[in-house]
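[1] What follows is a predicted protein model with its sequence.
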Amino acid sequence: MQFLIFLVLFTAAVPASAQIYRWVDANGQVHFSNTAPPQGVNATVVDPNAKEVPPAPESSECYTVRCQGERMEERQRKREAEIERAAAERAVAAPKPYRGLEFRKYISIQRGMGEGELLGIAGEPDLKADQGIAIAAPATVQLDRNLSTAARTGVRLVTYTYMPTPADPFTTTITLVGGRVGEIERVRKF
């Protein structure tokens, strides 16, 4: 008889213990229980045999030494790229230092010298100003055997300036007229 009572109680208890309840109390704390929650509490039944869901993306991070090393290397690459980008921006923003024009190069420059020859001797200027096409003095153009008329010719004017440096305190300005050295000026700046 006792065995029968035990068997009835056991079979009645199994379905009750198979249900798991979930509810939130007045303080906001979440509770799980296999016994029914207090009266007036909104509880939901949780299925213990439910399939596992994949972890959330933020919680799926790998915490092995290898993964941590890879993340550290990635952060280091990003940091180095940022440093290189900032250095490139500073280099673009910073003016180039003046090169000047040494005296031994200055005395090698002569009027009538071509632009390519000038750049071969003196190098690139610190400042270059292209003044465009200038109108030269009037010239005559032969229209017919017996008829000539006045015409104006245009030439390109370019000014190369070599700024002073601590080793050479002179400012040298070279004006090219039509691709040839037309004027050379060297002034000491204090």
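    Yep, it's here.
[2] Could you pull out the helices in the protein for me?
    Remark: helices assigned in the chain by DSSP state H are 2-18, 65-93, 103-106, 115-122.
[3] If you average the pLDDT over the first one, what comes out?
    Average pLDDT, helix 2-18: 55.
[4] Show me the domain layout of the chain.
    Domains of the chain are assigned by automatic domain parsing as 15-50, 61-94, 103-188.
[5] hmm, back to that, how about the helices of the chain in a markdown table, adding distance to Val45 and mean neighbour count?
    Any C-beta I mention is one placed from the backbone N, CA and C, and that applies to glycine too. Shown next, in a markdown table, are these (distance: least, C-beta to C-beta, whole Å; neighbours: other C-beta atoms under 10 Å):
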| stretch | distance to Val45 | mean neighbour count |
| --- | --- | --- |
| helix 2-18 | 10 | 9 |
| helix 65-93 | 38 | 10 |
| helix 103-106 | 94 | 13 |
| helix 115-122 | 89 | 15 |
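[6] and these as CSV, adding distance to Pro169?
    Supplementary listing: the helices of the chain in CSV, determined by distance: least, C-beta to C-beta, whole Å:
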stretch, distance to Pro169
helix 2-18, 98
helix 65-93, 27
helix 103-106, 11
helix 115-122, 17
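[7] Quickly compare the domains of the chain and say which is most buried.
    Comparing those by mean neighbour count (mean count of other C-beta atoms under 10 Å), domain 103-188 ranks first with a mean of 14.
[8] Distance from the chain centre to that domain, please.
    40 Å (C-alpha atoms, centre = their mean, to the nearest Å).
[9] Quick one: end-to-end length of that domain, please.
    One end of domain 103-188 sits 12 Å from the other (C-alpha to C-alpha, to the nearest Å).
[10] now swap in stretch 163-180 and tell me
    Using C-alpha to C-alpha, the end-to-end distance of stretch 163-180 comes out at 21 Å.
[11] Show residues contacting that stretch.
    By C-beta atoms under 8 Å, 6 or more residues apart in numbering, the residues outside stretch 163-180 that reach it are 98-103, 106, 109, 111-115, 118, 122, 125-127, 134, 155-162, 181-190.
[12] OK, contacts around Asn42?
    Counting by C-beta under 8 Å, 6+ apart, Asn42 makes contact with Trp23.
[13] Show the pLDDT at it.
    Predicted confidence (pLDDT) for Asn42: 82.
[14] going forward, begin numbering at 252 instead of 1
    Yes, from this point I'll number from 252; that puts the last item at Asn293.
[15] pLDDT weak spots in the chain?
    252-269, 301-311, 385-405, 441 (pLDDT under 70).
[16] phi, psi of Met364?
    phi -70, psi 140 (degrees, to the nearest 10).
[17] how about the nearest residue to it, chain neighbours excluded?
    Val432 (4.5 Å; C-beta to C-beta, 6 or more residues apart in numbering).
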